[in-house]
Structure formats: C-alpha cells, structure tokens
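S.K.: Return a 3D structure for these sequence lines:
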Amino acid sequence: MATLPASVVVVSRGRAGALTLCLTGLVQQDHPSFEIVVVADRPGLAALTAWEDRTGRTGQIKAVAFDEPNISVARNLGVEQAAGDVVAFIDDDAVPEPTWLRHLCAPFEESDTIHAAGGYVRGRNGISYQWRAQSVDRTGATVPIALDGDTPTALSPSPTQAIKVEGTNMAFRRATLAELGGFDPAYRYYLDETDLVMRLAARGGETAIVPLAEVHHGYLANATRNASRVPTDMTQIGASLAVFLRRHAPRHQIDAARARMRGDQRRRLLRHMVTGPLDPWGLQRILHSFDTGFEEGEARALETLPALPHAARPFQPIPRLADTPPLVLSGRSWQRGALMEQAARAVEEGRRVTVFCLSPTALYHRVRFVEPGIWLQTGGLFGRSDRDQPLFRVCGFASRVEKETRRISPQRGILA
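M.R.: Numbering: from 1, shown residues only. Have a look, this model is predicted:
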C-alpha cells in the first residue's frame, strides 16, 4: 500500500508560544512523507523562525503571513501552499500524538471513496475525550455516533446528515478540497469545517472516523474566550450560525435552530455563572453579542466558491526522526528532575519519549506534552487515569506503569 504524501496546515494568531509546542509535536510524527504549512501573524512567524533556528530546522517549514481574524481565509491560504495528496489540519493550541498523522491518513490510502477523515480529541487533562464521533444536520444539530474499538470506520453521509469532523483534527483529499473551493470565507470563526462537510455530503463523499488519530487540545484563550474557557464574545458564533442556516437549512427550520443554539449557549454561560467566573450582567452582554452577530451574519454576502489553485510551491518534506523505538521512563515524583534530564537527552538524540512520574497519592492523572518534546504523565500511584476508573485502587509501582503504558501504546507507537 503506497503512502500518500501529506501536508499539515497550522493556523496561528495571537498564540506564538503554543505554536512552537505544536510544531515540536508535529516533527515527531512517524508518517514517512509529510510537510508543514504555517499560516500565522507576525509574532507567530517570528516565533517560527526562532524555533527553526533553535532546533536546526531552518527553512524546513512553509510559512505564510496572514493577520486577519478569518479562519477560513487562513486555511485556504494554507491549502494553496500544500502540495500533499492529503491535507490535514491542527490548531496551534493542540499537540498530536506521534502516530496521529499516519493513522489519520491511512484511510485515504486504503480506499478511493474516502474524501475526509477525523480523529479523536483529548481535553486539557490529556486523558478525557473532548470530542469523538458525531454527525451533523442542516441546522447544525449534532448527534453522537457510537463506534466500537479503535478500527477506522468509513461512514456515508446523506444529503441532510453529514459526518462531522473537528477543525483541530481533520484531513481531506487535496483534490476534493480544491474542487469544493476550500473553506467559505463567510465563516470567519466557527462552523467553517461543518459547512465543508455538508458540501461534501451533498456530493456523497465518505468520511472515515479514526479513533487512534489523536490530538490533545489545550483550548487556550483567544478573541472569544479567556484562559478559563469562559466565553467573552459570541458575535462570530452568532454570525456563522446565520450563514450556516442560510446555506443549508430549510427556511421553516431557521428560527427554531437559532433558538436552540441560543439556548445551548445560554446554558453554557449559566454553568460558568454558577461556578463563579461570570456574573449575570456578563451573561446578558455575551448573549447580546450572539444576537448582534446573528443579525450581522444574515446580511453577509454568500458567494460562489471558486476552485482552489494547484500548490504554489513543491512538496517540502520534513526530515524524519531516527528510526528508533520510543523510550519509556518512569520514577517517583521526587525523581522528576533526573527523569526529565534523561528524557531531554534522548529527545536530542531523536527519540520519542514518555515519562511516568507518579507520587504515592490518589491524585488524578494528567498527560502533557512539554518542551523539548516529552510526553509527561503525572498523578498518584493509586489515582485514576481514565475517568471511569475507581477513585482509589491499590497497586504496585511496576504494575501501574505497565498498565498505563499499555493504555497509551497504540497512540504513542510503543510496541506492546
């Protein structure tokens, strides 16, 4: 089975620090043939240059300057530079598991009928899932899809029900993206990828859901939310919803869909108000921004999307890491400094490294990817990692490390 060359597009605006961590994870991918395209503002491009100089990767990444608050235009600029047969997308505040791209691209290599693919997204603790499999209808309403096991599943949409993918973990055939005109610039933020899969559904293209194609999403602050994930403005959410409903929903369903989404957002804000970060005046102000945005979206021009051009530059593959097995290190919490020093040396040698650092407690586990490129899992020896486990369980250190290694081995590329 031939490996299709892949392009990974990263859009970054206002998060230069997160971008460099994402890039550190991307260059650890075990996919045999891929390039990286970064579309970023000036601070992001400066951080990219500094990262390239620091890591010895000067000139290896395609860079595009763009500093406007429009995710669709930014992604299209990335696609225009992408020369791979498959184009994957990841957010700048996300980090991919080392096997992410290989798993995500595999369905395209196995079947010509696959035109899109989406993986699973883990949340800020690195363990709980933020997103798995869903379908979406013409009003933007989603329904979970139950999948068994880790095997990729090819799903066929209907003209009214598409297979949803998440913008921080999705891939498309480049030819399909180009033919569809890429992402619609009318969606400056939110629902841009959902609009794309609805257009894909109209032409009948299959989508693969790939559970082992995992990214960890930091969900960092941006123009619409703060560092605590509390919304600060919903103008673009409301505007994008209006555009989406005008594009796809039957006219008689638009008012109900708007009311449903507004109700969902109000409940979301109420949860934040109950926990403290938001007051009633803030809630009303943010809901007003949703209403204002919806009215703005009703007035936006809906244009026909022209096909995207061929890649502007030749394929520029990222040099692969040395073909050595991943390294797993483990120790007690008081050994963390020595463990991290050993891990850093291994990263410099081109190894992919996982560190388990466990304390004699029942603390919940947390997984993070940290510079210079180390997967770090911390928590209590007796605490839980998967959130469906008991709060406390007695176990030995070696057996706990073995169990946790088995849990992450498919995504981390560790041979069982």
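
S.K.: mind listing what's buried in the one helix or strand residue 101 maps to?
M.R.: Secondary structure assignment for residue 101, by DSSP states H and E: helix 100-110. Going by neighbour count (16 or more other C-beta atoms under 10 Å), the buried part of helix 100-110 is 100, 101, 102, 103, 104, 105, 106, 107, 108. All C-beta spots, glycine's among them, are computed from the backbone N, C-alpha and C.

S.K.: Would you check which pair of those lies furthest apart?
M.R.: 100 and 108 (14.3 Å; C-beta to C-beta).

S.K.: averaged over its residues, what pLDDT does the helix or strand harbouring residue 272 have?
M.R.: Assigned by DSSP H and E, residue 272 falls within helix 254-275. Throughout helix 254-275, pLDDT has a mean value of 94.

S.K.: Next: stretch 65-72.
M.R.: Mean predicted lDDT for stretch 65-72 stands at 96.

S.K.: tell me how far it is from the chain's mean position?
M.R.: 18 Å (C-alpha atoms, centre = their mean, to the nearest Å).

S.K.: what does that stretch rub up against?
M.R.: 11, 13, 39-42, 45, 73-74, 77, 167, 182-189, 192, 223, 236 (C-beta atoms under 8 Å, 6 or more residues apart in numbering).

S.K.: from those, which ones fall inside strands?
M.R.: Residues of the contacts of stretch 65-72 located in strands (DSSP state E): 11, 39, 40.

S.K.: Show me the chain divided up by domain.
M.R.: 6-217, 235-299, 327-412 (automatic domain parsing).

S.K.: Dump those to TSV, plus distance to residue 318.
M.R.: Below are these laid out as TSV (distance: least, C-beta to C-beta, whole Å):
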stretch	distance to residue 318
domain 6-217	6
domain 235-299	33
domain 327-412	13
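
S.K.: possible to save the ones in strands among the contacts of stretch 65-72 as CSV with pLDDT, neighbour count and distance to residue 177?
M.R.: Converted to CSV, those look like this (pLDDT from 0 to 100; neighbours: other C-beta atoms under 10 Å; distance: C-beta to C-beta, whole Å):
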residue, pLDDT, neighbour count, distance to residue 177
11, 98, 26, 15
39, 98, 28, 15
40, 98, 25, 20
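
S.K.: Direction included, what does the strand or helix carrying residue 87 pair up with?
M.R.: Per DSSP H and E: residue 87 is located in strand 86-91. Partners of strand 86-91 in the sheet, by DSSP bridges, are strand 6-12 (parallel), strand 170-173 (antiparallel).

S.K.: Give the rounded mean pLDDT of it.
M.R.: Mean predicted confidence for strand 86-91 is 98.

S.K.: how far is it from where the chain is centred?
M.R.: 9 Å.

S.K.: pLDDT below threshold where in the protein?
M.R.: Applying pLDDT under 70 to the chain flags residues 1, 416.

S.K.: mind checking the SS state of the closest residue in space to residue 60 that isn't next to it in sequence?
M.R.: Sequence neighbours aside, residue 318 is the residue nearest to residue 60 in space, at 5.9 Å (criterion: C-beta to C-beta, 6 or more residues apart in numbering). Assigned by DSSP: H, G, I helix; E, B strand; the rest coil, the conformation of residue 318 is coil.

S.K.: Now that residue 318 has come up, it's in contact with residue 36, right?
M.R.: Yes - if you go by C-beta atoms under 8 Å, residue 318 and residue 36 touch, sitting 6.0 Å apart.

S.K.: The two: who's more crowded?
M.R.: residue 36 (27 against 19; other C-beta atoms under 10 Å).

S.K.: Now do the host helix or strand of that one against strand 6-12, angle only.
M.R.: Residue 36 belongs to strand 34-40 when assigned by DSSP H and E. Compare the direction of strand 34-40 with that of strand 6-12 by axes from the mean of the first three to the mean of the last three C-alpha atoms, to 10 degrees and you get 20 degrees.

S.K.: who touches residue 273 in this structure?
M.R.: Per C-beta under 8 Å, 6+ apart, neighbours of residue 273: 279, 280, 282, 283.

S.K.: go again using 7 Å as the cut-off
M.R.: Residue 273 is in contact with 279, 280, 283, counting by C-beta atoms under 7 Å, 6 or more residues apart in numbering.

S.K.: Ok, residue 190 next?
M.R.: By C-beta under 7 Å, 6+ apart, the neighbours of residue 190 are 236, 237, 240.

S.K.: Which element, helix or strand, includes residue 20?
M.R.: helix 16-26.

S.K.: What is that helix packed up against?
M.R.: strand 6-12, helix 42-55, strand 94-96 (3 or more C-beta pairs under 7 Å, 6 or more residues apart in numbering; DSSP states H and E).

S.K.: Could you tell me how far stretch 356-370 lies from the centre of the chain?
M.R.: With C-alpha atoms, centre = their mean, you get 23 Å for stretch 356-370.

S.K.: Repeat that for stretch 90-101.
M.R.: Using C-alpha atoms, centre = their mean, the offset of stretch 90-101 from its chain centre is 6 Å.

S.K.: now do stretch 254-274
M.R.: The answer for stretch 254-274 is 24 Å, by C-alpha atoms, centre = their mean.

S.K.: So for this protein, the centremost residue is which one?
M.R.: What sits nearest the mean C-alpha location of the chain, by C-alpha atoms, centre = their mean, is residue 168, with 2.2 Å.
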